[in-house]
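J.: Let's see this in three dimensions:
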Amino acid sequence: MQVIGPEELAAELREEDPDSLNPVEQALLKGDNLDFGALYPTLKDADPETLLAVIKRAISTGQFLPHWFLQRYLEVDGAGMVRALLAGGRAAEAGALCCAALRRALLGLLPRAGAAPRAAPLALADLLLAELAHHSADPYVLQIYNELDDLVKEYTKVVVRVSEDMKLVQLDTSVN
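T.: Below is the predicted model:
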């Protein structure tokens, strides 16, 4: 007799009864294109794993990705989204969204920004810059490349400045 845990049991029961799957899981099991309009209520609050499965499916079928979906994924896991787009061969789209992620991270570093600091996908930005450099004959790709390069430089400059400011504040408080 084999003992299985509650998660495995739930997965087995869902396989036997497709109606118990949520709308996103049902759509992913079908071979058709995803209907983002119908899936919006479920995807607007989806976790990163669900969003990754959806983006992989959309990329594999060459489907258009709606702006609201990309923004939601950017909020939840921007680096994961950029990686998925790049792995799916959508380097220019990944570069544009990496720029958006860098802007968000940059806003978190500015004084009185009100936004919580975010990790910037700098390693991904470097990878994208290397990839986009090979396609610089396309004006759109060149524009994305230049914008991404400028944002990486600006982010790096701001990080150094904030770091220096923090050192000065620490020195001031330790002297007093």
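J.: Listing request: residues of this structure with sub-threshold pLDDT.
T.: 1-20, 112-118, 165-166, 169-176 (pLDDT under 70).
J.: Would you map the helices across it?
T.: 6-16, 23-29, 36-43, 48-60, 67-87, 91-109, 122-133, 139-175 (DSSP state H).
J.: which residues sit in contact with residue 156?
T.: residue 122 (C-beta atoms under 8 Å, 6 or more residues apart in numbering). C-betas here are computed from N, CA, C, even on glycine.
J.: Against residue 39, how distant is it?
T.: Distance from residue 156 to residue 39, counting by C-beta to C-beta, to the nearest Å: 38 Å.
J.: And for residue 163?
T.: To residue 39, residue 163 is 43 Å away according to C-beta to C-beta.
J.: With neighbour numbers in mind, choose between the two.
T.: residue 39 (21 against 11; other C-beta atoms under 10 Å).
J.: Run through the residues that contact the more buried one.
T.: By C-beta under 8 Å, 6+ apart, the residues touching residue 39 are 23, 24, 27, 54.
J.: how about the spatially most central residue of the chain, what does it touch?
T.: Closest residue to the average C-alpha location of the chain: residue 78 at 2.1 Å, with C-alpha atoms, centre = their mean. Contact analysis of residue 78 by C-beta under 8 Å, 6+ apart lists 97, 98, 100, 101, 104, 121.
J.: Arrange these in a markdown table, one row each, with distance to residue 135 as further columns.
T.: Output for the contacts of residue 78, formatted as a markdown table (distance: C-beta to C-beta, whole Å):
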| residue | distance to residue 135 |
| --- | --- |
| 97 | 16 |
| 98 | 15 |
| 100 | 20 |
| 101 | 20 |
| 104 | 25 |
| 121 | 20 |
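J.: Need the nearest residue in space to residue 59, chain neighbours excluded.
T.: residue 88 (3.4 Å; C-beta to C-beta, 6 or more residues apart in numbering).
J.: Report the contact partners of that neighbour.
T.: 55, 56, 59, 60.
J.: what's around residue 91, how many residues?
T.: Residue 91 has 22 nearby residues by other C-beta under 10 Å.
J.: again with the one 5 residues further on
T.: Residue 96 is flanked by 19 other residues according to other C-beta under 10 Å.
J.: distance of the nearest residue to it once chain neighbours are set aside from residue 99?
T.: Spatially, and ignoring its direct neighbours in sequence, residue 96 is nearest to residue 144 (5.5 Å; C-beta to C-beta, 6+ apart). For residue 144, the distance to residue 99 equals 7 Å [C-beta to C-beta].
J.: which one of these two has more residues nearby?
T.: Per other C-beta under 10 Å, whichever of residue 144 and residue 99 has more neighbours is residue 144, with 25 against 20.
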